[in-house]
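[1] From the sequence below, what's the structure:
(chains A and B)
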Amino acid sequence: MTEQAIPLPRPDRLPGAALVIVGLIALFSVLSPSFRNADNLINVLTQSTVLLLIALPMTIVVMTEGLDLSVGAVLSLATVVLAVVTLSSGSIAAGVAAAIAIGITFGFANGAIVGYFRIPPFVATLSTLGVAQGGALLVSDGNIVPNLPRAIQLLYSGHVLGIPVPIIFGGIAYLSFHTLLYRTRIGVYIPALGGNREALRNAGHDDRHLLVVPYVLSGLMAGVAALLLAARTNSGHPSVAIGMEFDAVAAVALGGTEFEKGNGWLFGTALGVLSIGILRNGLNLLEIPSSMQVVCVGLLVILALYFDGRKRGEP
Amino acid sequence: MTSSEMSSIAPARTLSLPFESWQIVLRLAACVLIGAMLTTLTDSFFTWNNILNVLRQASLLFFMSFGLTFVLIAGKIDLSLGSCVGLCACVAGTCIHATGNPWLGAAVALAIGSFIGLLNGVMVAKMRIPSFIATYGMLWVLQGLTYYYMGGETVHGFPAGFRQLGSGHIAGVPIPVWIMLLFLAAGGLFARHTNYGQQIYALGANPVAARLSGVPVNRRLILVFVVSGAMAGLASLIFLARLNSAEGDIGETLILPAVAAVLIGGTSLFGGVGSITGTFIGALILTLALNGMNLLSVNANWQPLVTGAIILFAAWADFLTRQKD
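    Sure thing, here's the model as predicted:
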């Protein structure tokens, strides 16, 4: 067997998401006239940004053979904290800082548990999911915290130079993650964490420190996404984003990132986010209930993973 | 399958037993400690009724954790367990409600559970999707289907004969507790004294070695997932009989406690180590803790937080134990 270097971060083919996007656009254009509307397409992009913000770090987490199931719960908790702190202190800056601090704290906790305690990521983040969910219920007493200041709402509904603010958020996030993954040293270590941890250790790096990074990014971006989501719903809601982590995982899987071996692709994830955005938007227009939308996303993921596994063959 | 075939795996049993029985004593001590604490702190804990109540709640947890224990011993995970219970409960519930025939409902629940287990098993064993992601996808598919099927409705009111399954007593002890004891004995025997059980330990400890020594790895993997799904079906029936109603969100909060019970019971997340007895005690410890919080009138919103913290603690203990080995 030849020695494999650090695996290439980009797969040698288009991800299934590209196919899915083309298929869905064709399907919905035929089925629903309002889907073709230009306003609706911009709407899809805007609505997808929250998902993009959490799917980008999820790609990096998955590349390290990890998973962050706590994102949705942390995001919900962050919207509640944002709302409570903003309303009680009267300062938006304090609320934003608190939301982002909560995200980073959970991310750091996840990373430390996975890196230092060597607890499998899906269990570590499942338990912090419980902690965040409980925390959100305790802080909000199980209620929605409504009536945020108008300035926060502009984060979602505002425009800069005619471009909706969320899309600007999404663009900046994408470029930052692209730079991090493809232009920095950390970006070299990340695929190695998933693909060849042994080699990383032999090269003298402490994989425990490095493993903290993806989870901190994930928590940070959950905090940022909470700003957009709170702005969109004009409230803090203890269960607003429960299950959103699944859409993120789905986007990553559709984007061709592998759950083993550290191969991943940010652009694929962006396509994955777009295909899920289109799917949900189209199904909404066809008045298919959100419960069936989840089923569709789930089936898409299993299909994507199936083709992934078939390509891999025998272990 | 001949019995001589597995002789190479037999030593695992003699090696792991003393260590495991020590662990079980430790956990029983924890049980007694929590019990003693609650007895001194509250008047209502150490009453016959409350203890039966704890056992009955523990039995619900145990049925889910039973299958999950084997899945974890095989080195996999089944995250779809909770939503599988939810779907089974809703379909069986509407079925019993419509026909008035509990046997039909029972058959439906067990069939759906086993079928979902089979799908999970095929995804993991044949399609080679990592179990945490395959069953995670399944979780959401099942939850979506459950919500869609129920459409926000609730079914309630089942025949009295069926409700006996949840609230009836035999010789003063609730029926679910008897069923739990039955499964405890059967599960222990299956794990330790059958080839199937030993093969599951073997493939969890070292899948490659297991395959090379002739364990039909794929079939055993599918088996553990089917057991997990079927037990979810059984758990759903007891839930139905106990709650006398079913709605779409019934399975949403179940996976966290189920994983917690298995981990507290000393089953390893890394495969190859674990026992049904441990899971039984794990279910008991978790139920005692939650029941205690209830008696001390702690806000129920603390429950997911506490369960999450318990999982972390148990998983960390597992890591430390394994490091010592």
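[2] who in the stretch 201-325 of chain B is up against chain A?
    B:248, B:255-256, B:259, B:263, B:269-270, B:299, B:301-309, B:311-312, B:315-316, B:318-319 (C-beta under 8 Å from any C-beta of the partner chain). Where C-beta positions appear, they are placed from N, C-alpha and C, glycine not excepted.
[3] at 6 Å what do you get?
    B:256, B:269, B:301, B:304-305, B:307-308, B:311-312, B:315-316, B:319 (C-beta under 6 Å from any C-beta of the partner chain).
[4] what's the helix or strand for residue A:155?
    Assessed by DSSP states H and E, residue A:155 sits inside helix A:150-157.
[5] Buried ones in that helix, by neighbour count?
    A:152, A:155-156 (16 or more other C-beta atoms under 10 Å in any protein chain shown).
[6] Likewise for stretch B:49-62?
    Neighbour counts using 16+ other C-beta under 10 Å place B:50, B:54-62 of stretch B:49-62 among the buried residues.
[7] Also stretch B:172-182?
    B:174-177, B:179-180.
[8] residues in contact with it?
    For stretch B:172-182, the external contacting residues (C-beta atoms under 6 Å, 6 or more residues apart in numbering or on different chains) are B:52, B:55-56, B:59, B:62, B:165, B:168, B:170, B:238.
[9] switch the cut-off to 7 Å
    B:52, B:55-56, B:59, B:62, B:164-166, B:168-170, B:238 (C-beta atoms under 7 Å, 6 or more residues apart in numbering or on different chains).
[10] Can you flag which of the residues you listed belong to strands?
    Among the contacts of stretch B:172-182, DSSP state E puts B:169-170 in strands.
[11] What is the nearest of the contacts of stretch B:172-182 to residue B:125?
    The shortest approach to residue B:125 among the contacts of stretch B:172-182 belongs to residue B:62, at 25.9 Å (C-beta to C-beta).
[12] Identify the residues contacting the closest residue to that closest one other than its chain neighbours.
    Of all residues not flanking residue B:62 in the chain, residue B:283 sits nearest, at 4.4 Å (C-beta to C-beta, 6 or more residues apart in numbering or on different chains). By C-beta under 7 Å, 6+ apart, the contact set of residue B:283 is B:58, B:61-62, B:65, B:261.
[13] would you turn those residues into CSV with pLDDT and distance to residue B:71?
    CSV is the format used below for those (pLDDT from 0 to 100; distance: C-beta to C-beta, whole Å):
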residue, pLDDT, distance to residue B:71
B:58, 93, 20
B:61, 93, 16
B:62, 95, 15
B:65, 95, 10
B:261, 93, 13
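[14] Most widely separated two among those?
    B:58 and B:65 (9.6 Å).
[15] Which residue ranges of the stretch 151-300 of chain B form strands?
    For the stretch 151-300 of chain B, the strands defined by DSSP state E, counting those that start in this stretch cover B:154-156, B:169-170, B:173-174, B:245-247.
[16] quick one: strands adjacent to the third one?
    What that stands for is strand B:173-174. Sheet partners assigned to strand B:173-174 using DSSP bridges are listed as strand B:169-170 (antiparallel).
[17] Can you classify residue B:45 as helix, strand or coil?
    Under DSSP: H, G, I helix; E, B strand; the rest coil, residue B:45 falls in the coil class.
[18] State the helix or strand in which the closest residue to it other than its chain neighbours lies.
    Distances taken as C-beta to C-beta, 6+ apart place residue B:38 nearest to residue B:45, at 4.1 Å, with adjacent residues excluded. Assigning secondary structure by DSSP H and E places residue B:38 in helix B:10-41.
[19] still on that earlier bit, hey, which of the strands of the stretch 151-300 of chain B is tucked in deepest?
    Comparing these by mean neighbour count (mean count of other C-beta atoms under 10 Å in any protein chain shown), strand B:245-247 ranks first with a mean of 20.
[20] show me the contacts for residue 82.
    I'll assume chain A. Applying C-beta under 7 Å, 6+ apart, the residues contacting residue A:82 are A:95-96, A:98-99, A:226-227, A:230, A:236.
[21] was after chain B, sorry
    Neighbours of residue B:82 in contact, by C-beta under 7 Å, 6+ apart: B:251-252, B:254-255, B:258.
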